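Trainee: here's a sequence, model it:
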Amino acid sequence: MITIEQIRPELTWRLRRRVMYPNKKLYEMEMEEDNLGYHFGAFKGDSLVGVVSLFQQGTDFQFRKFAVDIDMQNMGIGKTLLNYIEDFAIAEGAKRIWCNSRVTAMGFYSRYGFAGTGTRYTQNGIDYEVMEKTI
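Mentor: Residues are numbered from 1 along each chain as shown. Below you'll find the model as predicted:
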C-alpha cells in the first residue's frame, strides 16, 4: 500500500537526484524556493518511493521535481501522487495546476487531463514543454 505524506524539502533530494539527475551532487538538488513550497513523499512501508514539490502563486499551482523510484515505476505510484497533489491544490483554491514536463513524460500527464501549451524549451540537454490542467 502507498501512503502520501507532506515531508521536509531535504527529504526529496536523494530520490530527486537518483531518478532525475544521477550525475549531479546531492547539494545541487536543493532549489532556492524549496522553503516556499509544499513537498510530498509517497511511501511504501518505510521506503520513500516518490516525491514531488508544489508551489502556489495565487490560484496557480506548479509542481516540480516529480520523481518515482526507477524500480517502482509503472505501479501506479505516480498516478497516486499526482491525484494527491491535485486534490491538495483544489482544497487550497487552485484553478490551474501545471508543470514543465520533460517531453518524454508528456504521455503520462496527458493520461490525467493535462494538455501541452506548445511552450517548449531545452535546459541542460533536456527538452521540456509546459503542460497544464484547469481544475
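Trainee: ok, and for stretch 93-109, which residues are buried?
Mentor: 94, 97-101, 106, 108-109 (16 or more other CB atoms under 10 Å). In short, each C-beta sits where N, CA and C put it, glycine included.
Trainee: and whatever helix or strand residue 133 lives in, C-alpha only, in PDB?
Mentor: Using DSSP states H and E, residue 133 sits in strand 126-134. Only the C-alpha atoms of strand 126-134 are listed here, as PDB (Å, rounded to 0.1, in the frame of the first residue of the first chain):
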ATOM      1  CA  ILE A 126      16.600  18.000 -21.800                       C
ATOM      2  CA  ASP A 127      13.500  19.100 -23.800                       C
ATOM      3  CA  TYR A 128      10.500  20.400 -21.800                       C
ATOM      4  CA  GLU A 129       7.000  21.500 -22.600                       C
ATOM      5  CA  VAL A 130       4.700  23.400 -20.300                       C
ATOM      6  CA  MET A 131       1.600  21.300 -19.500                       C
ATOM      7  CA  GLU A 132      -1.400  22.500 -17.700                       C
ATOM      8  CA  LYS A 133      -4.800  21.400 -16.400                       C
ATOM      9  CA  THR A 134      -7.700  23.700 -15.500                       C
END
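Trainee: quick one: distance of that strand to the chain centre.
Mentor: 12 Å (CA atoms, centre = their mean, to the nearest Å).
Trainee: what do you get for stretch 100-109?
Mentor: Offset of stretch 100-109 from its chain centre (CA atoms, centre = their mean): 11 Å.
Trainee: kindly report the same for stretch 75-89.
Mentor: Worked out by CA atoms, centre = their mean, stretch 75-89 lies 9 Å from the chain centre.
Trainee: next: stretch 92-102.
Mentor: Using CA atoms, centre = their mean, the offset of stretch 92-102 from its chain centre is 10 Å.
Trainee: repeat for stretch 26-36
Mentor: Here stretch 26-36 is found 14 Å from its chain centre; the criterion is CA atoms, centre = their mean.
Trainee: with stretch 58-72 instead?
Mentor: Taking the mean of its C-alpha atoms, stretch 58-72 sits 0 Å from the chain's own mean (CA atoms, centre = their mean).
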